[in-house]
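Trainee: Sharing a model prediction with you, sequence too.
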Amino acid sequence: MPFFRKPESEALWRDEFSIHTADERYVSRRQLTKFLTLASLGMFVGNLWILARSYWSRSAVFLRSRVAEADEIPVGGVKLFAYPTPADRCILVRTGEDEYNAFSQKCTHLSCAVYYERETNRLACPCHHGYFSAQDGSVLQGPPPRPLPRIVLERQGQGLVAIGMKVG
Amino acid sequence: MAIDGAMALILLLVIVQIWLLSAALEASLAGHAETALPAALFSALLFLSCVALTLFVWRVDRDSRD
């Protein structure tokens, strides 16, 4: 790379494609520190990306979407739906007579689809045995690091409308 | 000796940056957007430290060859 080499130093091709195999495999201190510094630059760029992502995601707007009728689901039953986009799978659980909870179906560990365990009244991930509360989506057990994002529901007569998503 | 110490320090700084990146991503995914800016600033500081140490290593290496 011309930016890091003096004009009068040995030609780069002679340095990179040496005759002796041992010389070709040899990593000099300069090369190692250059590699580590580039890795550091990569980490910094990653942090910049996270900063940009945090800045732009604040202005997310969620549309209202009717997801189910109140009597459509029995107590202890579930309904799968997509919100806010067709690619975002969610699960609606009726945990009580007048108690409906909806969460993203994507496990916060490695994105497996969670399902509702009626016997234990919790959401389970079959991949690595992670478990979430069916009441608030908090992690009960297993490797998931964060609670399930909650879908904010609003009752409109007999219908249940998703109006937003709450992360964390 | 100085070069070895500087290279070890660079490696340590890169390891800290890897941890910082993973922690910042974890916090961002959990909805804590306020940690992104301090993490980016500290990562910049670590990167600049790596650059300074690299230039130091190159200078000492060049001087030792001359």
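Mentor: Received the coordinates, thanks.
Trainee: Which residue, neighbours along the chain excluded, lies closest to A:Gln156?
Mentor: Excluding the flanking residues, the one nearest A:Gln156 by CB to CB, 6 or more residues apart in numbering or on different chains is A:Arg66, at 7.7 Å. For the C-beta atoms, the positions are set from N, CA and C on the backbone; glycine is no exception.
Trainee: residue contacts, that neighbour?
Mentor: By CB atoms under 8 Å, 6 or more residues apart in numbering or on different chains, the residues touching A:Arg66 are A:156, A:159-162.
Trainee: which one among these gets closest to chain B?
Mentor: Proximity of these to chain B (CB to the nearest CB) peaks at A:Ala162, which lies at 17.9 Å.
Trainee: Could you look up the SS state of the residue nearest to A:Gln156?
Mentor: What DSSP: H, G, I helix; E, B strand; the rest coil gives for A:Arg66 is strand.
Trainee: what about it, distance to chain B?
Mentor: Remark: distance between A:Arg66 and chain B (CB to the nearest CB, to the nearest Å) = 26 Å.
Trainee: A:Leu148 contacts A:Asn101, correct?
Mentor: No: here A:Leu148 does not reach A:Asn101: they are 9.8 Å apart, not a contact under CB atoms under 8 Å.
Trainee: which neighbours do those two share?
Mentor: Common neighbours of A:Leu148 and A:Asn101 (criterion: CB under 8 Å, 6+ apart): A:Gly137.
Trainee: Of the two, give the one with the bigger neighbour count.
Mentor: For the pair A:Leu148 and A:Asn101, the greater number of neighbours falls to A:Leu148 (28 against 21), based on other CB atoms under 10 Å in any protein chain shown.
Trainee: so what's that one closest to, chain neighbours aside?
Mentor: Distance criterion CB to CB, 6+ apart; nearest residue to A:Leu148, sequence neighbours excluded, is A:Gly137 at 3.6 Å.
Trainee: From the contacts of A:Arg66, keep the buried residues only.
Mentor: A:160, A:162 (16 or more other CB atoms under 10 Å in any protein chain shown).
Trainee: In JSON lines, list the contacts of A:Arg66 along with secondary structure and pLDDT.
Mentor: Compiled in JSON lines, these are given as follows (DSSP: H, G, I helix; E, B strand; the rest coil; pLDDT from 0 to 100):
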{"residue": "A:Gln156", "secondary structure": "strand", "pLDDT": "86"}
{"residue": "A:Gly159", "secondary structure": "strand", "pLDDT": "89"}
{"residue": "A:Leu160", "secondary structure": "strand", "pLDDT": "90"}
{"residue": "A:Val161", "secondary structure": "strand", "pLDDT": "91"}
{"residue": "A:Ala162", "secondary structure": "strand", "pLDDT": "91"}
